[in-house]
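J.: pasting a predicted model and its sequence here:
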Amino acid sequence: MAFSAFASAPAAAEPAVRRRSWIALVLLLPGILYLLLFFITPLISLVFTSFQQPVINGDIGQYSAGFQWSNYTDSVVQYLPLILRAFGYALLATLLALVISYPLAYFIGVKVRGFPLVQSLLLTLVIAPFFISFLLRTLAWKQIMSDEGPIVVGLKALSIFPSDGHITGTPFAVIFGLTYNFIPFMTLPLYATLERLDVRYIEAGNDLYASPFTTFRKITVPLSLPGIVSGTLLTFIPAAGDYINASGDFLGSAQTSMVGNAIESNFLVTQNYPVAAALSIVLMAVILIIVGFYVRRAGTEDLI
Amino acid sequence: MSAESVSGGPSWTKPRARGVAGADSGAPRIWSLSADAAAGASTLAKATATPGGSARELEAPVGGAGAPGRRRGIRFRGLGLPVYTALALLFLLIPIAYTFVFSFNNSGKLNIAWQGFTLDKWTNVCAAQGVCEAFANSILVGVVATVLATALGTAIAIALVRYRFRARSAISLLLFLPMATPEVVLGAGLAAQFLSLGVNKGLVTIIIAHTMFCISFVVVTVKARVASLDPALEEAGRDLYGSAVAVFWRITFPLLLPGIAAAALLSFALSFDDFIITNFNSGAVDTFPKFIYIAAARGIPAEANVVASAVFILAIVIVVVAQVTRAARAARLARLRG
C-alpha cells in the first residue's frame, strides 16, 4: 500500500472512447437539465433581482426589473462590517479547526493504521456530530455556555471571569461554534491524505537527524497539503456563509451578525430582495476569488 | 472510498484506486472525502484494504526505537497523541450527550434547567405541538429528494467515467459549483427564482431544492465506485452473449450498488439536516431543523431532543454494525487468502 500514494488513476478508469455517445447523452441529460434549471437559472435570477428597483407606490416586497447599480454600492457600504466579520470569523474558525483537527487526523490516519476496526470506529466518532441536528448541537453549546450554565458559573465562582460577563453573544462564542461545527469537515480530508502518507519518508527524515519538528514541517505537512487544502475549503466556504452560529437565538447577538444574517433578514424578514441578492452575489464572488487564489497558491490546481 | 461504505465488494483488490479516481475532472477529489464520510461507514474500505502487516511494520520505527537519546521524548509523544485524540473526541461528543440527557428532562415548555428524570418525552413524542409533523415532513422530503438525486446523479456518474464527450470540463464545473457555493446563496437564488415565477413555496419547492444540492454529492460518491469497477467483468458478460441491458442489470448495477447505497444515505443525511436552503424555500411548511430554528426563539421542547437522539442512535447503530461486519468479512477473506 505504501506505493499507492503515487499511483495515478487506474487503468479501469480509462473509458472506452466515444462508445455509443447517445447513451452518454441520455444518461447526462436529465441531471444536467435539472442543474441548469434549479442551480444556474436561480443564480441568473439572483443577478437580475440584485438590480431590481422598488415599484413606485407599490407594496413592500414589490420590485420591478431595472438596473440599480446602487443596490450593490449601498448594501456593501451598509453591511461592510458584516461582510468583513463573516470572512474574519470564517478565517479564524478555519485556522482553529485545522490546528485542532490535524493531530486527531494524524493519530487516526497514521498511528492506528494497523488496527482497521479501531480506525473506523474512531472515524465514526469524528462524524458522529453529523448524525444529530446541526441546530441542536449549536443550541446545546448555547445552554452549556449560557449565563446560568456550568462554565460561566464556574468561572465566576473562581473569580476568573467578571461578574457581569457573558460568553454567549460574543465573537468568541460565534467563532467557537463555527470551529466546533466544522471540525469533522476538516478532519475527514486530512485523514484521507494522512492515511495514504508513506511513513518511510518520516523515518528517512529521522534517520537523517532531522528534529521531529523539522520532519513534520518538511515532510508531513507538504505530503498532506491536498488534505489541508480540501479541509480548509470545506470549512471556510460554509463558515463564511453561515448565519446560525451568529444568530441571536443561537451563539451570537446583534454585534456578531455576519453577512449571512443580513441576507436572511433582508430576504425573509424585510422582503428587501434586491439587497439580499446583491449581498449573495458579493459573497459568492469573494469566495470564488479567494478559493481560486488559494488553490493556485497552494499549488494543487488539479483539485479544481 | 465511499463506494465501500455500505457493504462488501472486493475492496481489497484495488485499495487506492478510488481515492484518485476523481482527479481527472477536478472537483470531485476535494469533496469526495467529506461526501463519503458523511455517509457513514466509508472508513473501513480503506482500513480493511490495508493488508495488515506491511503497514504495521513500516509504522513501528516511527513510534518506537529511534536514537536512544530521543527515546524519552518519543515515549512522551506516544502517550500525548492518544490522550489528545480522546479529549478531542470527547469535545466533539459533548453537545450530543447534552441533547441526549436533556431528552429525559421532566421539563415544561422550556427545556433549559434540569427538572428531574422522566421517560414521558420518549413515550409521548408527539405531545409537543409540531414536532412529529415537522419530522414527518423531513422524512418525506428526504426520501423523495434522495430517490431523485440518486437516480439523476448515478446516471451522470456512469456517463462521466465510461464515456468521452465534449463539454466534459463544463459539466464537471457545473457539478462542482453547487458544492463551492455557500448555502445562503443557493437558498436565496432558488427563492428569487420561485418568487419571480410566482411559485408558492411548500413541500415541492423544498424537494426541488434538496434534490439540487444532493446531485453533486451523489455524482462524486458513485463516480468513485464506477471508476473502481473492473471493465473485464462487463466484457466477460458481453463475451458470454449478454445483451447490453442484461450486462447492466446483472453485472454493472449489482457491483455499483454499494456506491449507490452510500450516495443515497449521504443524500438523505444532507437533506434531513439541511436548514439554510430549506429556510429560504419552505414557505409555511416546517421541516425538523426549521422547527428547531423557530422554536429556538422561545425554547425547544424536550420532544425535539427525543427525535434527534433517536435518529442519532439509529444512524450510529447502522454505521457500527456495517463496520463490524465488514471487518469480520475482511478478516475471513484474509484467512482464505492465507
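T.: Done, it's in.
J.: for stretch A:167-182, which outside residues touch it?
T.: Identification of contacts with stretch A:167-182 by CB atoms under 8 Å, 6 or more residues apart in numbering or on different chains yields A:85, A:89-90, A:92-94, A:96-97, A:100, A:129, A:134, A:137-138, A:141-142, A:145-147, A:151-152, A:234-235, A:238-239, A:242, A:245-246, A:248, A:250-253, A:255-256, A:258, B:91-92, B:95. C-betas here are computed from N, CA, C, even on glycine.
J.: make that stretch A:271-288, sorry
T.: Against stretch A:271-288 from outside (CB under 8 Å, 6+ apart): A:46-47, A:49-53, A:60-61, A:63, A:68, A:71-72, A:74-76, A:79, A:83, A:86-87, A:236-237, A:240-241, A:259-260, A:262-264, A:266-267, B:180-182, B:184-185, B:188-189, B:192, B:195.
J.: got it, and stretch A:52-59?
T.: Outside stretch A:52-59, the residues that reach it (CB under 8 Å, 6+ apart) are A:62, A:63, A:64, A:65, A:66, A:68, A:71, A:273, A:274, A:277.
J.: 7 Å - rerun?
T.: A:62, A:63, A:64, A:65, A:66, A:68, A:273, A:274 (CB atoms under 7 Å, 6 or more residues apart in numbering or on different chains).
J.: what helix or strand does residue A:118 sit in?
T.: Residue A:118 is part of helix A:116-127 when elements are defined by DSSP states H and E.
J.: residues from the stretch 101-250 of chain B in reach of chain A?
T.: B:112, B:152-153, B:155-156, B:158-159, B:161-165, B:171, B:174, B:176, B:178, B:180-185, B:188-193, B:195-196, B:208, B:212, B:215, B:227-231 (CB under 7 Å from any CB of the partner chain).
J.: remind me which residues of the stretch 201-338 of chain B are low pLDDT?
T.: B:338 (pLDDT under 70).
J.: if we can go back for a sec, out of the contacts of stretch A:271-288, which sit inside strands?
T.: A:53, A:63 (DSSP state E).
J.: let's see which of the contacts of stretch A:271-288 end up in helices.
T.: A:46-47, A:49-50, A:71-72, A:74-76, A:79, A:83, A:86-87, A:236-237, A:240-241, A:259-260, A:262-264, B:180, B:184-185, B:188-189, B:192, B:195 (DSSP state H).
J.: filter the residues you listed to the buried ones?
T.: A:46, A:49-50, A:71-72, A:75, A:79, A:83, A:86-87, A:236-237, A:240-241, A:259-260, A:262-264, B:180, B:184-185, B:188-189, B:192, B:195 (16 or more other CB atoms under 10 Å in any protein chain shown).
J.: continuing past the helix or strand in which residue A:182 is found, what's the next helix or strand?
T.: If you go by DSSP H and E, residue A:182 is part of helix A:171-194. For helix A:171-194, the succeeding helix or strand toward the C-terminus, using DSSP H and E, is helix A:199-207.
J.: mind listing what residue 128 touches?
T.: Here I'm looking at chain A. Here residue A:128 is in contact with B:92, B:93, B:96, B:316 (CB under 7 Å, 6+ apart).
J.: correction: the question concerned chain B.
T.: So residue B:128 contacts B:301, B:303 (CB under 7 Å, 6+ apart).
J.: now with 10 Å, please.
T.: B:109, B:111, B:121, B:291, B:295, B:300, B:301, B:302, B:303, B:304, B:306, B:307 (CB atoms under 10 Å, 6 or more residues apart in numbering or on different chains).
J.: wait, residue B:185 touches residue A:243, no?
T.: No - judged on CB atoms under 10 Å, residue B:185 makes no contact with residue A:243 at a distance of 11.8 Å.
J.: what pLDDT is listed against whichever residue of chain B sits closest to chain A?
T.: Residue nearest to chain A within chain B (CB to the nearest CB): residue B:182, separated by 2.6 Å. pLDDT recorded at residue B:182 is 93.
J.: surely it is in contact with residue A:239?
T.: Yes - between residue B:182 and residue A:239 a contact is recorded at 9.0 Å, counting by CB under 10 Å.
J.: find the residues that touch each one of the two.
T.: Joint contacts of residue B:182 and residue A:239 (CB under 10 Å, 6+ apart) are A:86, A:90, A:260.
J.: could you measure from the last one over to chain B?
T.: Going back to what we said before, that points to residue A:260. 5 Å (CB to the nearest CB, to the nearest Å).
J.: tell me what angle the longest helix along chain B forms with helix A:116-127.
T.: Using DSSP H to assign secondary structure, the helix with the most residues in chain B is helix B:302-336. Interaxial angle, helix B:302-336 versus helix A:116-127 (axes from the mean of the first three to the mean of the last three CA atoms, to 10 degrees): 160 degrees.
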